[in-house]
Structures are given as structure tokens and as C-alpha cells.
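Trainee: Here is a sequence together with a model predicted from it:
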Amino acid sequence: MCWLTRLIRRFRILIAKEALEEEMEREMRFHLESEREENLRRGMSEEQARRAAAISFGGLERFKERARSERGGRFVDDLGQDMRYGMRALWRHPRLACVAILTVALGIGATTAVFSVVHGIILEPLPYPEAGDLVAVSTVWQRREDKDFMAPPDVADIETLSPSIESLVGYQVLSATLTGFGQAEIIQVTRVSRGLMETFRLPLLHGRDIRPDETGYGGRRIAVISARFWRDRMGSDPEAVGSTIQMAGTDFEVVGVTPEGFAFPHGTEVWIPHLFSSPDGLNRASHTWLTVGRRRAGSRLSTVRDEVRLIGETLASDYPATNARKRFVVESLKGFETGAVQTRLWILMAAVSLLLFIACANVANLLLMRTFSRQHEFATRLSLGGDRRRLARLIQTETGLLTLLGGGLGILIASGGVDIFRRISAGMVPRLTEVGVDGPVLVGTFGIVIAVTALASWSPILFLNRLSPAENLARRSRGTGTPVLSQRLRKGLIALQVALSVILLSGTGLLVRSVRELSTVDLGFTPERIVRFTLATGGNLDEVRIFYRTLEERLAALPGVQRVGSIWGAPLETPHTTAKISLKGREDIQPGEEPLAGIRAISPGYLEMMEIPVLSGRGLSASDDTGEIPVAVVNQTFGEQNFPGRDPIGEQIQILINRSYGSPVWTIVGTVGDIRSEALDEEPLAEIYVPHGHFGPGSMTVTVKAALDPAALLPAIRAEVSAIDPDLPLRSVATVAEVIENEIAPTRFLMFVGGIFAGIALLLSLVGLYGVLANLTVQRRGEIGLRLALGAQRGEVLRSLLWEGCVITFAGLGVGLVLSLWALQALRTLLYQVTPADPGALLPVTGLVVLASLAAILIPAWKASRVDPLISLRNE
Amino acid sequence: MTKSRADLLHGTLDLLILRTLSHGSMHGWAIAKHIGQISDEALRIGQGSLYPALYRLEDRGWISARWGTAESGRKAKFYLLTRAGRRRLEEENQEWREFSAAVDRVLGYR
């Protein structure tokens, strides 16, 4: 008979229990009757017959019991019984139940929350068909590790030359003002080298995608819009394809609509072809493209990487001027998008696992205590013929009940936590929409519940297995009855908890120090009371210059405004443009070896406003903005890197960047101090400041310094901008203080979460420590009473218990500190100016643990010394 | 072919029951009586062993059960051998023969 039929039968047994019991009763009774009749026939009297039959039949119930267990379906029966028993036990000891359930809830809740985040961001595949094959290619410069944009010709070559890459699309994200749909709005537009739908293997909702021949030189002004755009702005107009939309003052014909939910890269509403105004728009030195592509199904990522590496080498030898110092790296698209946060998330996962372990250890201790106090009950049951395995299952079921209840509560806690996380991380973290307590996460939680049950019930079951019923029942008193194993186990668990708490506390301590360092770093400019916003306007060099100078004048005239300036390439905003610099008169520099520098175009007065010090020569003034001779100032790092030991004033440089107004030769007229431009924790780069009037980008960040509160000036500022151009919206409005805070925010967040985990961990450990010692005191009351009665001093009793507690604490502390030195290496990338062995962090942690533990130890120790020998001895 | 004591007893009882039922379907008491009679009362199957064994065999699918009428007119549960049970009987029989032969040999070598 196959297993299926067996399963069906078992199932039927379950649901028809009553009927089957009855049947068994009838069968047994039939047997009994038949036996009795046989006895009568043999000549026994009525009475004898019945008695003989009954005796030979034996204990009816016992047979029923054994018969039942052979029949199968017993497991579920027992389970039901155990659960009812467990529920009653929990009800009768509400304090223990609450503490245990709460502990489990905290542990499982925190773990589920972090797992939701890790799952949604790192584990869950991207929501495109065969998303595992999507890749991104980036440029990496010699002697550097960070990834840079790609140059368009390199992208084209890689796509053509690599057999494993099916398609590779270059794209650029811009913002443009959309007009014609009510209020003018700045939307995210992505320029592509070709339509993305083929690479993503998605069908368009309407129309068609952008063809390769429609991009580049001589391309057409067409656009593909997102489904959301089509729905929200065009009201799902069936005539959308073929209509025109206006962006940045130019008309674009709509040729297609992307499917629902597609907005790659995140937030894009319109895709347009990448157009060049001149045939040599493709510049191998101009790194402006991000890429997304697809590798052939069945190809291996390592193969693709090798191919791309070889192509890089080929291009380097074919075009040494531009490619000699470049190499290309390939990674999966998911890795590209989530790479930056992965480290943090795994660290969080590790931290929360420690917390979960501590919670389990606490529950295990609680259960061990309870099992210990029930040892007589268990001993009795065992001696009456109870099955040891059955009792173990009982303990497991009771534990499971606790964990299930705690787990349920934990899921609620987790949902709340994930909600909070989503709200405060918006903008900082990719793929946030995919984070939630969903199906796979719940499955994971269930697995955690089972693991916790197993872990927590391990020690009570261990105790049970060593229980010898005879020995146990012979001993009535509880005085000296503590098995050494159980004590050692519990103390060991507490020490372990303390060690793990120390790791979490040290990690938090390091982060606290790091955040402090980040907050007080010298920025190189004065950030106070400045509000900034971005505008995007068009026109030629003069029009753009007049627009911004006029605006700056009018804003400066507003009450409450101290100074106004504008800059292209605002600090602390990535990415900003880096370009090759050609140093005139330096024949020793090979083509392709030119140095890099960041380019910033500024309005006159910007340097003074930001209080960036002029170190030599002069800054840029209003006359430079309109003057004949293009002049520039460079920062200290640029001077040191390219003109070591001397003043760069008078030197001439050229910026090798593709701009439609040609590339002037700039004369350096001064040096200024360095600022933190890329990120708070990165060293300053070489930078050049050029007058805006000569460089002419239409998209500038306007900065306004207020006398008092910068945010209060916003309504007046908006009014001024409107007065000049009512269709021009302000984008990225923020105070510089906020921008800086955003930089620190991820580390600060990790610090808070780490702190919460560490705090809970320490609390649990202290509770455990207190519990163990308090319990020991109670158990030893008789012994202590005896000792006191025999003349021991109270101080001695206090000290001995104190000693025991301190041994546990210091053992845990020592192990924890050593483990921290090793484990916290993982935090290195997140720390700023702080090493994992930083005494400034570890000393306070040590102090905290020692003080807190002493408090937890002293209370029971004090109580122990207060034991009245008469009372305790009488109780024995 | 090493068996623990429990296995041995179980297996032997199974064999006896299966063999008894190969003659035809019977109810529990009849099986016990039959084994007792044939063995001249040397083997008395306690009810504590019989019914658990019957339920186990039913669970494994070697015998199946039906309610019917006994000779006395009362209702009783009858067991009968299934096809799989018949196959099992053959196997158990073979194993028993090998086992007892081995025991004989060992005793003989003494």
C-alpha cells in the first residue's frame, strides 16, 4: 500500500476520532464477551467466567492506549493535549509567560523587520523578466576603485565586440521643465542611446520604442512616455501616440507608452533619444553615460567580465590617448543598484541575529528555571511509566506555544518598524517599494520561530534527560538539590549574552564616535543660514548669464537676505562634472595622461558668500563674468597636484569637455581653499572655479544667505523667480544644513538602530543575570541560613555571591571585547576617522557594562545577606 | 538479518496472524483462539499484544477490516488478508525459516 493511502487513512482517523473510539470499544467488548462465553462452555460458573475473562483481558485502558498508539494519528492527539496543557500553564504563571513572550516578540520582531528590508532590497530579484541577466558596465580609472560613467564610443564598442552581451544601452538622467500640462513642472527625463524595452524584454503599452537610427547626430525629437505619465497627465488619451509634448521649450513627438510600473531609472517619466548637434558628439574622453544591458541567456557573468576586460585592453591600445588608463567592470544590475547599501544591511542583519540569540538564551534560561521547579512533577511522571520522549515533546510544545505567540506579536512589531523605516529612508535607499512584511518574509519568520523553539527548548530537555526519577523523588528538600550542570549551563548562557551585548554596544559606540566626527568635520565653507535651490533654464551664453545675474540682484535686494550666489556643481551633491585638464606649456604630459579636476562655474561673489578663503592672487569678480579674457581660480589641491612647490598664478589651462561654445583657454588668477565637495568623509579633489558668464550652464544652484532663518525667505524667493519667469519651478529646495544632515543620515540611522538593539540586548542580559542570581539565592536559602547560623558574617555571604556574579560578568566582558575587535572590522567602511579598536568607544562600553552588571548583582546579593537563618532553616 | 528482541516478537506475531488469516477472514477473538488451539495452548496471545498487532498490520495495509456478523449473531470486526499481505506472508515466512535455521546451526555447533 503506498504512502498516499496511508496518509488518507491517517487523515480519516483524525476526523472520525469519536467513531473509531466507539468501534474499538465494541471490538474489545466483543472479545471480552466471547471469552466469557467460552469460559462458561468450559464449565465455569457465571461469576468465575466473567472474572476469568476480565483478568485474562487485563487492563482495558492500557490496551486501548497501546492500540491507539499503533493505529497512528497519535501524534496530533498528543499535540492537541499538550497545547491545551501548555495554555493552562501559561495562564497560571502570567508573569513568566509575559516576560518570555515579550522577549521572543522583541527578538523575532527585530529580526523579521531587518529581514524584510534585506529581502526586499538585496534578495528579491528585480521585477523584470529574466532580471538575473541584466548587467551594468562602468569605467574604473587606473589606481582608483570607484566607478565612473562610460564614454559613448566605449559603450558602442563593448556592445559590438562582446559576444556574450546581447545589448548595452547608454543613458543619462536629466531634469527638464515640462509645460503644457497645467502648472510647469520639473520632471525626470532619461536620454537613451536606444530604446530600453528590448533590453528589459517588456512589451510597450502603446506605440513603439526609440530606434537606434533615431538617436545620435541627425536624430529625431521623439519621446516615449511612462504609463503613469499617460494616465495622470494625459488622462489615458487613446490619441496620445502621435501627439506632442513640450519640454525645456522644445516639442517632442510621443511615439510610445511604456508598460505599467516601468520607470527605469527610478523616477523617469519620459525617455528621449540622445541627440548630438555635431557629428563628433561621440567623445571617448567624455564620460557621461550610465549603462544597462543584457547578457545572453546561459552565459556566465565571469565570461562576460573576461570579455569586457579584453575589450578594455584592446581599446586601450587602439586609442591610447583616451583609454590607456581605463578599465571596464561588469556587474549585475541588481548589484549595481543596491551595492552601496548592501554592506550596511548585512551589518544590520548580523546585529539583529545577535539580538535574537540573546533573546533565545533568555527564554532558554526562563524555561530551564521552570523545568527545574517542575522536576518533581516530571520525576513522578517518569516513575509512573511516562515516556521520556513524550515529556520532551511536551516541553517542545509548550516552548512552541510561547514562540508562536511571541512570533505573532513580533510580526506586528516588525510591520510597524518596517513602516517607520520606509518613511525615514525615502530617497536614501534603493528599491524601497519592494520592502515589506510579505509572503517570503513570513515564511522566513516561521522558520525563525521553529529555530527559536529548538534553541530555547534545548537546555530544559537536556536537564530532563539527566533527571533520574528515583534519585529525585528520594530527595525531598530543594536545598542542595541544584545539579551542577544546570547551574553551569545557566551561568554560561548569561556570560554569552553579556559577550554578545558587548559586541553590539561596541559597534554602537564606534558609530556614535563616527557620527560625531562627521558632524564636526571642517567643510571649508560656512554652511549656516543658507538655503539653495536649482533652476533649469535655456538659451545662449548671454541669455543665461543675464538671467542669473538679474535674479541674483533682485534676490539680494530682498529684506532679510545678506548675500546671493549661484554655482554649477554644488558641493555635497553627486555627481558633479570631472574633466581632463590640459596644462598649456607642459609638453611632458602625454595625451591621455592629463590630470582630472572638478569643474565649478560660479557667479561673482560666490566665494565671498561661502567664505571660502583666497590663499593667493584673487577671487572671481563681476568683471570676470563678462570680461574678454577667460580667467579661473583653482583650489589648493589642484595647485599642489599640478604645480607643486610654486604658485599656479599666470598658468594657462584648457578644460577638455565638450561644450557647444568651444573650449577657451583659462588663465589662473588665484588659489582658494579646499572644500568638501564630494562627500563629508572624502578628501577634497582638485577643482577649478570658472566664471559662470563664460561657461554658461543653464542649470544652476542658487544659494541665498539669510540674516536669520533661511527657510522663512522661501515665499519671497519664489515670488521673485515667478516674476521673472512664471513657468520656472524651483527644484531641490533645501537648506545647506539639511543637505549636510542628509549626508550623515545613513550613518546616524545605523547608529540609532544599533543603539536600540544594543540597549535591548544589554537589558535582556541584565535581566538574565539578575534572574540567575536571584534564583540561586532562593535555592541556597537553606545553605545560607545554615552558614549564618554557624557564625558566618553577612558580609561574607554578600561577597561570595558578588564574586560569583562578577565572574560571569567579567568573563562575558572579556570574551565580548576580544570578539568585538575581530567582528567590528566589518564596520570599517562605515566609520570615519575611527578604528574598530577605538578606546574612546570601548572604554565607555566597558564602564557601562560593569556598572549595570554590578547593579544587577548587588540586589540579589544584598537580599541573600539579609536571609534570616531561623526562618530559612525552619522551612527546610 | 539482525533483529532486536522487540522486532523479533513483533515479527513473529505478525507472521502468526498473517498465516492464520490466510485460511480465511476472522475476527480478533477467533484469531487468538485459533493460534492457541493449533499450538496446543503453547502460544497464548494476550489481548494486549493481539489488538495492537492487528491495528499495526491494518495500518501497513497487510490486512483489512470489515464489520460483519459472528456465529453468535452479534456484530464483530472481521480481518482479512490483502494481496500485499499475502506477499508479506511469503517474505516473513522465508525470513523465519532462515532465522530458525541459523539458530539451529549455532546451537548445533556448540
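Mentor: Great, that's in hand.
Trainee: So which residues make contact with stretch A:643-653?
Mentor: A:581-585, A:616-617, A:632, A:634, A:638-639, A:642, A:665-671, A:688 (C-beta atoms under 8 Å, 6 or more residues apart in numbering or on different chains). Where C-beta positions appear, they are placed from N, C-alpha and C, glycine not excepted.
Trainee: Those in helices, which ones?
Mentor: A:638-639, A:642 (DSSP state H).
Trainee: other SSEs contacting the helix or strand encompassing residue A:518?
Mentor: Element membership for residue A:518, per DSSP states H and E: helix A:484-519. Judged by 3 or more C-beta pairs under 8 Å, 6 or more residues apart in numbering or on different chains; DSSP states H and E, the packing partners of helix A:484-519 are helix A:333-373, helix A:439-465, helix A:736-779, helix A:794-823, helix A:839-865.
Trainee: orientation of the first one relative to helix A:736-779 in degrees?
Mentor: The directions of helix A:333-373 and helix A:736-779 differ by 20 degrees, with axes from the mean of the first three to the mean of the last three C-alpha atoms, to 10 degrees as the criterion.
Trainee: after helix A:333-373 comes which helix or strand?
Mentor: helix A:375-383.
Trainee: for the stretch 751-876 of chain A, which spans come out with low pLDDT?
Mentor: By pLDDT under 70, the weakly predicted segments of the stretch 751-876 of chain A are A:872-876.
Trainee: at 80 instead, please
Mentor: Scanning the stretch 751-876 of chain A for pLDDT under 80 picks out A:775-786, A:789, A:791-795, A:797, A:862-876.
Trainee: residue in it nearest to chain B?
Mentor: Per C-beta to the nearest C-beta, residue A:779 is where the stretch 751-876 of chain A lies closest to chain B, at 41.0 Å.
Trainee: Around that residue, count how many other residues there are.
Mentor: Using other C-beta atoms under 10 Å in any protein chain shown, residue A:779 is surrounded by 18 other residues.
Trainee: same question, residue A:148
Mentor: Residues near residue A:148, counting by other C-beta under 10 Å: 15.
Trainee: for the one 10 residues further on, same thing?
Mentor: Burial of residue A:158 is recorded as 24 neighbouring residues (other C-beta under 10 Å).
Trainee: Now chain B against chain A: closest residue?
Mentor: For chain B, C-beta to the nearest C-beta, closest residue to chain A: residue B:61, 2.8 Å.
Trainee: Tell me which stretches of the stretch 501-650 of chain A form strands.
Mentor: Along the stretch 501-650 of chain A, counting by DSSP state E, counting those that start in this stretch, strands occupy A:530-536, A:561-568, A:578-583, A:596-602, A:614-617, A:631-635.
Trainee: Mind listing what's buried along stretch A:114-131?
Mentor: A:114-122, A:124, A:126, A:128, A:131 (16 or more other C-beta atoms under 10 Å in any protein chain shown).
Trainee: now for the residues you listed, which pair is the farthest apart?
Mentor: Using C-beta to C-beta, the pair of the buried residues of stretch A:114-131 lying farthest apart is A:114 and A:128, separated by 26.0 Å.
Trainee: related to what we said a few turns ago, any idea how far residue B:16 is from the residue of chain B closest to chain A?
Mentor: 18 Å (C-beta to C-beta, to the nearest Å).
Trainee: Looking at these two, which one has more neighbours?
Mentor: Taking neighbours as other C-beta under 10 Å, residue B:61 and residue B:16 compare with residue B:16 leading, 21 against 17.
Trainee: ranking the strands of the stretch 501-650 of chain A by burial, who's on top?
Mentor: Across these, the average number of neighbours (mean count of other C-beta atoms under 10 Å in any protein chain shown) peaks for strand A:631-635, which reaches a mean of 27.
Trainee: Against which helices or strands is that strand packed?
Mentor: Packing partners of strand A:631-635 (3+ C-beta pairs under 8 Å, 6+ apart): strand A:665-672, strand A:687-691.
Trainee: Minimum distance to residue A:84: which of those has it?
Mentor: Smallest distance to residue A:84 across the helices and strands packed on strand A:631-635 (C-beta to C-beta): 74.2 Å, for strand A:687-691.
Trainee: what angle separates the closest one from strand A:561-568?
Mentor: Going by the same axes, to 10 degrees, strand A:687-691 makes 110 degrees with strand A:561-568.
Trainee: So what are the sheet partners of strand A:687-691 and their directions?
Mentor: strand A:596-602 (parallel), strand A:631-635 (antiparallel) (DSSP bridges).
Trainee: would CSV of those strands with mean pLDDT be doable?
Mentor: As requested, these are exported to CSV (pLDDT from 0 to 100):
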stretch, mean pLDDT
strand A:596-602, 85
strand A:631-635, 90
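Trainee: got a markdown table for those, with distance to residue A:826 too?
Mentor: A markdown table is the format used below for those (distance: least, C-beta to C-beta, whole Å):
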| stretch | distance to residue A:826 |
| --- | --- |
| strand A:596-602 | 32 |
| strand A:631-635 | 35 |
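Trainee: residue contacts, the residue of the stretch 101-250 of chain A found nearest chain B?
Mentor: At 37.6 Å from chain B, residue A:104 is the closest residue in the stretch 101-250 of chain A, using C-beta to the nearest C-beta. Taking C-beta under 8 Å, 6+ apart, we find residue A:104 in contact with A:359, A:363, A:402-403, A:405-407, A:409-410, A:452.
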